[in-house]
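Asker: need a structure here:
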Amino acid sequence: MRTTSPHPVRLVAALATAALCAGLGVGLTVPSAAYPPGQAKQVDKDVRFATFNASLNRNVEGQLVADLSTPNNAQASDIAETIQRVNPDVLLINEFDFVEDGLAAELFRDNYLAVPHNGAPGVEYPYYFVAPSNTGIPSGFDLDNNGDTSTTDAGNDAFGFGSFPGQFGMVVFSKYPIRFDDVRTFQRFLWQDMPGALLPDDPATPNVQQDWYSPAELEVFRLSSKSHWDVPILVGRKTVHFLVSHPTPPVFDTAEDRNGTRNNDEIRFWADYVTGGATASYIYDDEGGTGGLAKGARFVIAGDQNSDPLDGDSIPGSIQQLLENDRVNATSPPTSEGAVEATELQKLANLTHESPPQFDTADFNDANPGNLRADYVLPSAQLEILDSAVFWPLTTDPLWRLTRDFPHNQPTDHRMVWVDVHLNHPRA
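Answerer: I've put the predicted structure just below:
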């Protein structure tokens with residue numbers, strides 16, 4: 001048990017039972033019974049959900065904690081101000097290194113999010129959730145089949161690419177209580193246990209199917225390159241399941257397309273999970289629970305899915321597994337004028353894209369792959385979307401300094417995406 005906050009309503013303790021720590025290494029904030037000040041009378045208000053790949057990952061274990069231990073890190077300040085400008089109620093941050101006791105999350109919250117930046121008021125998140133990521137965890141196998149199992153190739157042979165355990169992890173911050181006892185994580189779900197999994201083929205053996213990984217490797221190989229979490233958020237008397245993940249980029253491989261197929265199936269996992277019933281019967285979580293969401297459950301899927309509907313290198317139809325799912329409300333996709341301007345200014349690969357540029361959420365290398373729609377916030381079908389946007393200011397906007405399009409020194413190559421949903425809709 002550890003407590004770091006002088007504000008008892010904001011943070012009572014960072015607590016995990018011995019069993020939970022042993023099984024998941026979860027760091028979390030345990031709230032008081034009361035709602036934070038000013039929220040008790042607004043628990044049925046419209047809720048803003050957001051995702052942000054903030055690139056708050058570091059190349060050396062422990063460096064993120066060092067950077068966040070003072071309020072002076074320029075990148076973290078830009079990321080925090082962006083969050084303050086958008087002011088989401090529930091937020092997923094991708095590429096945020098996992099630290100066992102949640103210290104990095106608390107430092108970022110207390111030293112950056114709660115501190116005003118350039119006229120943007122601080123934002124309070126009394127609740128957060130973190131758990132381990134598969135990134136950087138050694139598999140014990142030569143997963144990229146390059147004959148190198150030394151420490152120099154350790155990142156490619158880990159369960160998820162990473163230089164150390166937890167690199168490129170994620171964290172959920174919330175203004176509303178998290179139902180910690182009901183959180184489900186799927187870090188250790190095996191890829192081969194997904195029916196019809198797109199396990200990659202070794203091009204050297206065209207007569208043998210799905211043989212890039214050996215039977216021994218498949219016995220331990222995890223589907224999630226980071227993790228998949230179902231984090232239930234309590235808004236008044238209503239629960240919204242915040243379904244968060246960060247599938248692997250569908251690149252950095254060869255003809256076997258092992259990352260492309262994994263990306264497809266990491267996306268499919270949530271499609272099956274929200275469909276529920278027999279479709280999700282194969283799913284099991286890290287505590288042994290099985291199945292997906294109950295029919296009628298409210299949810300919001302969020303994360304950097306690394307898949308554009310029409311452009312980029314993901315397997316065609318990958319993100320459509322969510323966008324075209326009957327249980328998902330994919331109407332009113334978030335847009336920005338800044339993304340359209342970036343296409344006009346940067347040209348090159350951007351001019352060849354089929355997806356409308358106003359939907360782009362990531363500012364990648366202009367020559368290849370160009371800007372893409374990679375980040376999504378997708379409510380369930382019974383939740384009404386009131387508003388949505390991508391935080392991508394025009395170059396004439398003073399807030400453009402928070403994004404600084406490629407190839408400028410960007411705080412991150414992704415943009416925050418947010419969606420406002422109405423929880424009092426008759427169908428909700």
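Asker: from here on, contacts and neighbour counts on C-alpha atoms
Answerer: Fine.
Asker: list the buried residues of stretch 397-410.
Answerer: By neighbour count with 16 or more other Cα atoms under 10 Å, stretch 397-410 contains the buried residues 399, 401-406, 410.
Asker: with pLDDT, secondary structure and distance to T361 as extra columns, can I get the residues you listed in JSON lines?
Answerer: JSON lines is the format used below for those (pLDDT from 0 to 100; DSSP: H, G, I helix; E, B strand; the rest coil; distance: Cα to Cα, whole Å):
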{"residue": "L399", "pLDDT": "97", "secondary structure": "helix", "distance to T361": "16"}
{"residue": "R401", "pLDDT": "96", "secondary structure": "helix", "distance to T361": "17"}
{"residue": "L402", "pLDDT": "97", "secondary structure": "helix", "distance to T361": "14"}
{"residue": "T403", "pLDDT": "96", "secondary structure": "coil", "distance to T361": "11"}
{"residue": "R404", "pLDDT": "92", "secondary structure": "coil", "distance to T361": "14"}
{"residue": "D405", "pLDDT": "83", "secondary structure": "coil", "distance to T361": "12"}
{"residue": "F406", "pLDDT": "78", "secondary structure": "coil", "distance to T361": "13"}
{"residue": "Q410", "pLDDT": "93", "secondary structure": "coil", "distance to T361": "14"}
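Asker: between those, which is closest to S55?
Answerer: Q410 (9.9 Å; Cα to Cα).
Asker: how about the nearest residue to that closest one, chain neighbours excluded?
Answerer: Closest residue to Q410 apart from its sequence neighbours, by Cα to Cα, 6 or more residues apart in numbering: R404 at 5.1 Å.
Asker: how far away is the one you found from L394?
Answerer: 10 Å (Cα to Cα, to the nearest Å).
Asker: just give me the neighbour total for the nearest residue to F189 once chain neighbours are set aside.
Answerer: Once flanking residues are discounted, F189 sits nearest to R222: 5.6 Å by Cα to Cα, 6+ apart. R222 has 23 neighbouring residues, counting by other Cα atoms under 10 Å.
Asker: in the sheet, who's paired with R222?
Answerer: L190 (DSSP bridges).
Asker: and T239, by the same measure?
Answerer: Here T239, judged by DSSP bridges, has bridge partners L234.
Asker: correct me, but it touches V231?
Answerer: No. T239 lies out of contact with V231 (Cα atoms under 8 Å); the separation is 9.8 Å.
Asker: what packs against the helix ranked longest in the chain?
Answerer: Using DSSP state H, we find that the single longest helix of the chain is helix 258-275. Counting contacts by 3 or more Cα pairs under 8 Å, 6 or more residues apart in numbering; DSSP states H and E, helix 258-275 packs against helix 320-323.
Asker: restrict the helix it packs on to CA atoms and write it as CSV.
Answerer: Extracted in CSV, the C-alpha atoms of helix 320-323 (Å, rounded to 0.1, in the frame of the first residue of the first chain):
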residue,chain,number,x,y,z
GLN,A,320,-14.2,-2.7,-40.5
GLN,A,321,-14.6,-5.6,-38.0
LEU,A,322,-15.5,-2.8,-35.6
LEU,A,323,-16.8,-0.1,-37.9
